[in-house]
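Asks: have a look; sequence and predicted model below, questions after that.
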Amino acid sequence: MSEGNCTFKTYKTVDEQIEYLKENKKIIVPEEYRYTLVEQNYVSLINAYKEFFACGLKGPKQDHVYKNVTRIEQILEIFELDKNIEQVLYELIGDFERHLKNVLIQELCTKYTESSSPDEEHDVYCISYIQEIEAFYNEIIKYDSTDEVFNALENGLSIKELNIPKFCKNIFMELRSGKYIYNRDLFVSRFSLIQKIYFYGGGKNIENPNKCESKNELIRHYIKTQKYVPMWVLPNALTFGELQILFTMLDSYSQQHIISKLLDYDSNRIRLNYINVFSSYLEIIRNLRNIVNHYEPIIPYFIVKITDKKIENSQIVKALNVLLNNFYRNKDELKTTLYPKPNLIDNGYNSRRIKIVTTIYNVLNARQSDSDKEE
């Protein structure tokens with residue numbers, strides 16, 4: 001079937017897949033391994049790793065060429081390594097996420113428990129953020145659109161007039177190349193998040209007060225027992241991506257302080273450019289976390305995303321080293337160890353794929369020295 005320039009592939013039964021692999025990819029699936037295509041999705045098992053055994057491209061559609069016979073066991077070796085890498089990453093990212101939540105919430109609560117001026121009151125209960133969101137929301141809805149808000153800001157409206165909550169002073173701004181600039185698209189997602197935080201904090205939808213009651217048991221407990229949810233409880237209801245957004249909305253001093261605590265760096269040595277670098281690490285870790293938690297192949301992600309000439313200098317490899325160097329200072333603490341790496345035959349076409357897998361394997365298998373940490 002085709003539509004325009006698109007050609008749609010037909011569904012194949014397991015028997016048809018086995019025949020197709022033999023005839024078109026030279027991949028042999030013996031009867032005793034038939035179960036692999038029953039238990040595993042073709043896309044996740046075959047498409048994810050078949051190019052390790054291709055030797056080139058041909059034709060107008062740039063189809064892969066397979067000259068040598070490949071047994072399904074060879075693909076399964078990479079498949080098992082992929083699962084093994086994900087187990088290691090699951091531990092690393094879990095440890096990092098718990099640490100990030102704790103450090104982030106400490107920084108946020110400090111903004112309410114420690115006064116920044118003599119006239120400012122302490123909020124030892126950390127619940128005044130709810131009233132702050134209400135005041136901010138009431139200012140924003142005075143404008144007909146996001147564009148109108150930004151036009152006003154660009155034409156001289158003082159940010160102070162908008163009653164921005166303490167925990168999101170940079171809600172309108174993006175840090176890019178060491179400078180803060182307005183970003184309308186980011187504001188939309190951030191504004192949506194603070195509305196969600198308001199909902200968690202008081203159990204009511206700020207746009208529709210009749211729509212309430214969170215499904216999170218801890219949130220419901222605090223609303224039931226004391227009406228408002230303290231800020232230090234919120235991370236338990238937020239996703240990793242939402243924690244990442246919270247970090248980007250903070251003022252640069254707070255961001256530097258968080259990085260300092262997480263990575264044991266001197267906060268005075270953390271420049272604005274490194275906040276950008278750390279933010280890119282958060283994005284990489286978020287992507288890795290999503291892949292791991294959804295049981296999708298992770299090796300293809302590395303191959304697609306690592307485009308640097310020197311693989312070891314890629315942001316992904318640096319992000320992995322940040323995790324290893326700062327959250328498992330002794331690699332023996334890792335509960336999961338890596339299996340021996342499969343013996344992948346380099347045929348020239350697959351060289352880069354093999355180098356990427358080898359680099360990731362070596363990074364996870366042997367922690368770099370402290371002297372290699374980037375500041």
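Replies: Received it, and whenever you're ready, just let me know what you need.
Asks: show me where the stretch 201-350 of the chain has its helices.
Replies: Secondary structure of the stretch 201-350 of the chain (DSSP state H, counting those that start in this stretch): helices at 217-226, 240-249, 252-263, 272-293, 299-305, 315-327.
Asks: so which of the ones you listed comes closest to Y49?
Replies: helix 299-305 (7.0 Å; Cβ to Cβ). Just so you know, the C-beta spots here come from the backbone N, C-alpha and C atoms, and that holds for glycine as well.
Asks: quick one: Q74 from V29, how far?
Replies: 11 Å (Cβ to Cβ, to the nearest Å).
Asks: ditto for A54
Replies: 17 Å.
Asks: part of a strand, is L175?
Replies: Yes: residue state for L175 (DSSP: H, G, I helix; E, B strand; the rest coil) corresponds to a strand.
Asks: contacts only, for it.
Replies: T248, S252, L272, I275, N276, S279 (Cβ atoms under 8 Å, 6 or more residues apart in numbering).
Asks: tell me which of those is nearest to Q40?
Replies: So of these, ranked by how close each gets to Q40 (Cβ to Cβ), first place is S279, at 35.3 Å.
Asks: contact partners for the closest one?
Replies: L175, Q244, F247, T248.
Asks: partner residues bridging the first one?
Replies: Read that as L175. Beta-bridge partners of L175, counted by DSSP bridges, are Y180.
Asks: now the strands: where do they sit in the stretch 1-150 of the chain?
Replies: Assigned by DSSP state E, counting those that start in this stretch, the strands in the stretch 1-150 of the chain fall at 2-3, 6-7, 27-28, 56-58, 63-65, 70-71.
Asks: where does this structure dip in pLDDT?
Replies: 1-7, 115-120, 209-214, 328-336, 367-375 (pLDDT under 70).
Asks: name the residue closest to the centre of it, please.
Replies: In the chain, the centroid-proximal residue (Cα atoms, centre = their mean) is R286; its distance is 1.0 Å.
Asks: what's the spacing between that one and D308?
Replies: Taken as Cβ to Cβ, the span from R286 to D308 is 20 Å.
Asks: repeat for H221
Replies: 48 Å.
Asks: likewise E107?
Replies: 32 Å.
Asks: between those two, which has more neighbouring residues?
Replies: Neighbours per residue (other Cβ atoms under 10 Å) separate E107 from D308, with E107 holding more: 19 against 12.
Asks: E51: what's it in contact with?
Replies: Residues near E51 by Cβ under 8 Å, 6+ apart: H64, N350, R353.
Asks: picking that back up, and the contacts of S279, which two are furthest apart?
Replies: It's L175 and Q244 that sit farthest apart of these, by Cβ to Cβ, at 13.5 Å.
Asks: just give the closest residue to K179, not the sequence neighbours.
Replies: Once flanking residues are discounted, K179 sits nearest to L272: 7.8 Å by Cβ to Cβ, 6 or more residues apart in numbering.
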